[in-house]
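Engineer: kindly generate the corresponding structure for this input.
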Amino acid sequence: MSRDVRLFWCASAGDALGTQASGVVLPLLLLGLGHSAATVGVVAGVSTAAGLLLAPIAAVPADRGARKPVMFWSATVSALAMAVLTAAVTWGDPPLALLLGTVLVERFSTAVYEAAAAGTVAMIAPPADCPRVVAGLSAGDQGALILGPALGGALYQASRALPFLADAVSYAVAAGCVRALSSDLRPRPGTGPLAAAPRSEAVPRTGTARRVRDEVGAGLALVRSSPFLRLVLAWTATVNGVIVALYYGAVFTLQKGGHGGGPMGLVLALSGAAGLVGSLAAPRVVGRIGAARLLVTVSWLLVPLAAGLATAEGPWMYGALFGAFCLLMPLVAVVLQSRALQETPPKLQARTGAVLASAAGGSAALAPVLAGVFVTRAGTAAPAAVCAGSLAVLAWWTTVVRGRLTAVAA
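Structural biologist: Got it, this is the predicted structure:
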């Protein structure tokens with residue numbers, strides 16, 4: 001593993017660790033301040049949606065050669081936003097407007113970072129190593145899911161401001177790691193698969209608005225023209241939205257049952273451990289089963305797991321079901337992500353990644369809102385029941401198009 005791959009891994013894992021530590025307690029903080037489950041869902045949804053507005057625009061300078069500066073400054077701004085939130089929580093009960101404002105700034109900056117970081121693996125690792133590096137990054141994220149919630153829960157018990165301080169420090173670490181990268185993160189013309197850009201990449205020389213539109217839309221044009229990238233978009237957007245909705249449904253259910261940050265941290269820690277195993281096993285499993293068959297099989301297996309959460313009681317039951325869900329999901333996600341890198345030319349990595357991230361982020365933004373509404377109006381079992389139905393539709397669709405997947409995802 002090269003020095004730059006290690007640095008990028010540290011930046012990703014450190015960022016994920018802080019995000020998990022603060023993310024697990026933010027809903028609990030809002031609920032503790034007297035806000036309803038629906039308000040918590042709206043805050044989470046709006047903050048996620050806000051980042052989607054800026055990510056596709058930020059991807060353009062990243063693809064044009066400013067990837068490293070964009071990543072560094074966005075991580076720095078996120079660190080400052082979390083530092084402000086830490087101070088606000090330390091000094092008393094912050095108003096909802098201040099909480100929402102700092103979270104929005106953090107989400108904006110994080111979305112910019114993620115858009116610029118998309119495709120970095122292709123810049124720092126040879127194509128043959130991409131699946132292994134992607135699996136390692138996913139394993140780091142899952143490791144953070146193990147440690148982060150437990151750390152956040154423990155810090156929250158000591159002081160409700162400490163998890164947000166940990167997140168601020170993690171962003172500062174990420175900024176430092178990005179600053180230390182020695183690789184030239186600017187795309188090299190004429191390299192990589194599909195080196196010829198889609199038509200929208202041939203930007204006309206007249207009309208500033210049209211140039212901006214075509215620059216931003218180049219990634220979307222590639223996704224629309226690639227059957228495999230369309231598959232990645234549909235699968236990741238659906239599953240990402242489902243897991244976020246299930247998470248918030250679990251938060252609301254455990255909170256109603258009198259459980260605090262510790263039990264929720266336990267649930268996510270168990271889930272992270274299972275996800276870590278799934279991420280590390282993904283390359284070997286897909287080699288034995290095949291990508292198309294694995295995708296269809298996993299899609300169907302996720303349905304009963306989501307349905308089981310509708311009747312789950314207590315942290316251990318939630319942890320077991322979430323663990324099984326998170327064990328299966330990376331088996332497909334790692335394969336889809338690594339193949340998506342290979343399907344995308346270097347000069348469109350950030351913009352294509354922004355399109356895929358926007359689809360996944362859009363579903364994640366809507367999921368907490370819907371989960372809060374369903375819990376308020378139909379009870380704590382409603383989010384899991386709706387998610388199970390959504391996964392059943394996705395599984396049926398993957399089964400229908402299986403013949404096409406065999407050719408595209410082999």
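Engineer: ok, A354 to D184 distance?
Structural biologist: 21 Å (Cβ to Cβ, to the nearest Å). Where you see a C-beta, it was placed from the backbone N, CA and C, and this is true even at glycine.
Engineer: higher neighbour count, these two?
Structural biologist: A354 (30 against 12; other Cβ atoms under 10 Å).
Engineer: for that one, grab phi and psi.
Structural biologist: A354 adopts backbone torsions of phi -70, psi -40, taken as degrees, to the nearest 10.
Engineer: hang on, it packs against A116?
Structural biologist: No. With contact defined as Cβ atoms under 8 Å, A354 does not count as touching A116 (9.0 Å).
Engineer: how about the helices of the stretch 51-200 of the chain, start to end?
Structural biologist: Along the stretch 51-200 of the chain, the stretches classed as helices by DSSP state H, counting those that start in this stretch are 67-91, 96-117, 120-124, 130-158, 162-180.
Engineer: tell me which of those helices lies nearest to L331.
Structural biologist: Closest approach to L331 among the helices of the stretch 51-200 of the chain (Cβ to Cβ): helix 130-158, 10.4 Å.
Engineer: next up, the contacts around T398.
Structural biologist: 235, 295-296, 299, 405 (Cβ atoms under 8 Å, 6 or more residues apart in numbering).
Engineer: got the confidence number for it?
Structural biologist: We have a pLDDT of 83 for T398.
Engineer: in stretch 381-397, what's buried?
Structural biologist: Neighbour-count burial for stretch 381-397 flags 381-388, 390-392, 394-395, 397 (criterion: 16 or more other Cβ atoms under 10 Å).
Engineer: go on, stretch 19-38?
Structural biologist: Using 16+ other Cβ under 10 Å as the test for burial, stretch 19-38 gives 19-31, 35, 37-38.
Engineer: low pLDDT regions in the stretch 101-250 of the chain?
Structural biologist: 128, 145, 187-216 (pLDDT under 70).
Engineer: 90 - rerun?
Structural biologist: 101-161, 163, 179, 181-237, 239-250 (pLDDT under 90).
Engineer: residue contacts, the nearest residue in space to A16 that is not next to it in sequence?
Structural biologist: Leaving aside its sequence neighbours, A16 sits nearest to A144 (Cβ to Cβ, 6 or more residues apart in numbering; 3.6 Å). Neighbouring residues of A144 by Cβ under 8 Å, 6+ apart: 13, 16-17, 19-20, 272.
Engineer: in terms of helices and strands, where is A312?
Structural biologist: When elements are assigned from DSSP states H and E, A312 belongs to no helix and no strand.
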